[in-house]
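> The sequence and its predicted three-dimensional model are supplied below.
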Amino acid sequence: MPGTRSLARILAVGVALAHCADAARARVYRNSEYGIRADFPAGARVCTALSGGHPVGFHARLDGPTDCVNGGGESDRIALVASYNSAFEAAPKPGCPDRGRPLEAGLLKGLAFPHRRSVVCGVRGPEGSVTILVSARGGRWTGPGLPAWIVATPLIDYVAVLNSGPKRFQTNLRTFRAFLKATSLGWAKGRARRPAR
């Protein structure tokens, strides 16, 4: 399972393979396996993020048409991806990109998934570009014979990402805040089942 850092790198350079969804359709996008419900900005062309051909979330470019096949490089974009917590870590980790200097704490204040303990980090690159990651965990492993320490461990890692150039950063940050507030992670209540093999 890729860690938060790996997911951030994948999203920072764009998702290599993705399936485009028509922007004219409803703005709400769901991934039932991970319990994601994401409301993307009106008019955004939303793509399904894939890991090895498996849908793991969504991403959308904020500064122009999205090329879902090539991911769009380091464009202004928001994304939400999930993976199974196969490392059985108890708390989310920020996993900030290695390059750049930390963003001012005031810019990150209040960035969180609703009803979820969230960890946030952000960096500003030398050219002024910004990457912000908001991480959370949810659900529980279930199944007969699982040790108590595994059952007590969150099942899913969630990461929301904002990549922004300096010109549109304030606008993109407002969009990202609204995106997070409208996002629902389905494992907030109840228990998730271990995926069938």
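Thanks, I have the structure now. Residues are numbered from 1 along each chain as shown.
> before we move on, what SS does residue 107 have?
helix (DSSP: H, G, I helix; E, B strand; the rest coil).
> Give me the pLDDT for it.
Predicted confidence (pLDDT) for residue 107: 92.
> wait, isn't it in contact with residue 174?
No - taking contacts as Cβ atoms under 8 Å, residue 107 lies outside contact range of residue 174: 11.4 Å. To be clear about C-beta, it is placed using only N, CA and C from the backbone, and glycine gets the same treatment.
> Could you check which of these two is surrounded by more residues?
Using other Cβ atoms under 10 Å as the criterion, residue 107 and residue 174 rank with residue 107 on top: 16 against 10.
> list the contacts for that one?
Counting by Cβ atoms under 8 Å, 6 or more residues apart in numbering, residue 107 touches 122, 173.
> and it, how far is that from residue 100?
Separation of residue 107 from residue 100 (Cβ to Cβ, to the nearest Å): 13 Å.
> and what of residue 180?
21 Å.
> Residue 114: what's its closest spatial neighbour, skipping adjacent residues?
residue 181 (6.3 Å; Cβ to Cβ, 6 or more residues apart in numbering).
> Surely the one you found is in a strand?
No - using three-state DSSP, the assignment for residue 181 is helix, not a strand.
> quick one: terminal-to-terminal distance for stretch 103-117?
When the termini of stretch 103-117 are compared using Cα to Cα, to the nearest Å, they are 20 Å apart.
> Show me which helix or strand of the chain is least confident by mean pLDDT.
strand 18-20 (a mean of 38; mean pLDDT, DSSP states H and E).
> The residue of the chain most remote from its centre: which element?
Most distant residue from the mean C-alpha position of the chain: residue 145, 31.5 Å away (Cα atoms, centre = their mean). For residue 145, there is no enclosing helix or strand under DSSP states H and E.
> For it, give its distance to residue 84.
For residue 145 relative to residue 84 (Cβ to Cβ), the value is 18 Å.
> ditto for residue 38
Distance from residue 38 to residue 84, by Cβ to Cβ: 19 Å.
> Give me the more crowded residue out of the two.
It is residue 38, of residue 38 and residue 84, that has more neighbours when counted by other Cβ under 10 Å, with 24 against 19.
> Show me the shaky parts of the protein.
1-26, 65-67, 69-74, 94, 187-197 (pLDDT under 70).
> which residues in it form strands?
For the chain, the strands defined by DSSP state E cover 18-20, 28-31, 36-39, 46-51, 54-61, 77-84, 101-102, 118-124, 130-140, 154-164, 184-185.
> Okay, now the sheet partners of the last one, with direction.
This points to strand 184-185. The strands that strand 184-185 pairs with in its sheet are strand 36-39 (antiparallel) (by DSSP bridges).
> Which of residue 180 and residue 100 has more residues huddled nearby?
Taking neighbours as other Cβ under 10 Å, residue 180 and residue 100 compare with residue 180 leading, 22 against 17.
> can you pull the contacts of the more buried one?
Applying Cβ under 8 Å, 6+ apart, the residues contacting residue 180 are 111-114, 134, 160.
> if you set the cut-off to 7 Å instead, what comes out?
Applying Cβ atoms under 7 Å, 6 or more residues apart in numbering, one finds that residue 180 lies in contact with 111-113, 134, 160.
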